[in-house]
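# How does the following fold in three dimensions:
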Amino acid sequence: MSQNNRAFTLMEIIITIVIVGLMAAFAVPNYTKAVAKTDERAAIANLMAIRAAIEMYLTNTGTATIPADWSGLSTINAQLGISIIDTKMTYDCFTTAGGGKCDATHPSGWVILFPFAGSKNIVCDVADDCPSCPVSPGNCG
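Numbers count the residues shown, from 1 in each chain. Model (predicted):
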């Protein structure tokens with residue numbers, strides 16, 4: 001009787017697992033950074049739309065700031081008559097002594113914002129927190 005055993009040796013399996021593990025060790029951090037940058041770019045685009053809508057709102061009402069704090073994207077959408085959908089970020093617009101600002105907060109903690117007065121640049125709130133957006137006086141969009 002002739003037996004024809006075709007199987008992988010333990011060494012071949014271990015080498016394969018090590019190679020796959022090394023590939024994953026390099027790929028996962030890059031993937032995480034790419035996802036964070038994508039979230040940041042989406043937040044910047046949404047804040048640019050909110051900024052444009054607020055500028056029209058302030059021009060139409062003849063005021064320098066919004067009348068009250070708008071917490072949450074649904075409130076901002078309703079007040080400005082826009083339709084932004086974002087399930088990751090938390091958006092808030094609020095009045096301050098200097099006029100007010102709107103911000104987008106990521107679940108990992110970084111914040112992108114723009115003020116109603118002054119430069120109106122979209123900036124990262126805290127140094128080295130945002131994936132690629134520079135801190136004030138930088139400009140993200």
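# M48 against I122, yeah?
Yes - counting by CB atoms under 8 Å, M48 sits close enough to I122 to count as a contact (6.8 Å). For every residue, glycine as well, the C-beta is placed using N, CA and C.
# ok, the two, which is more surrounded?
Higher neighbour count among M48 and I122: I122, with 24 against 14, using other CB atoms under 10 Å.
# Tell me if I'm right that the more buried one and V111 touch.
No - the pair I122 and V111 fails to qualify as a contact (CB under 8 Å) at a distance of 11.1 Å.
# what sits against the most centrally placed residue in the chain?
The centroid of the chain falls nearest to E40 when counting by CA atoms, centre = their mean (3.0 Å). Neighbouring residues of E40 by CB atoms under 8 Å, 6 or more residues apart in numbering: 106, 110, 112, 130-133, 140.
# let's see 10 Å
Shown here is E40, whose contacts under the criterion CB atoms under 10 Å, 6 or more residues apart in numbering are 89, 104, 106, 110, 112, 124, 130-133, 140-141.
# From T90, how far off is it?
Noted for E40: a distance of 14 Å to T90, by CB to CB, to the nearest Å.
# those helices in the protein, which residues are they?
With DSSP state H, the ranges of helices along the chain come out as 10-61, 73-80.
# of all those, which lies closest to A97?
With distances scored as CB to CB, the stretch of the helices of the chain nearest to A97 is helix 10-61 (16.7 Å).
# Show the average pLDDT along the closest one.
For helix 10-61, the mean pLDDT works out to 90.
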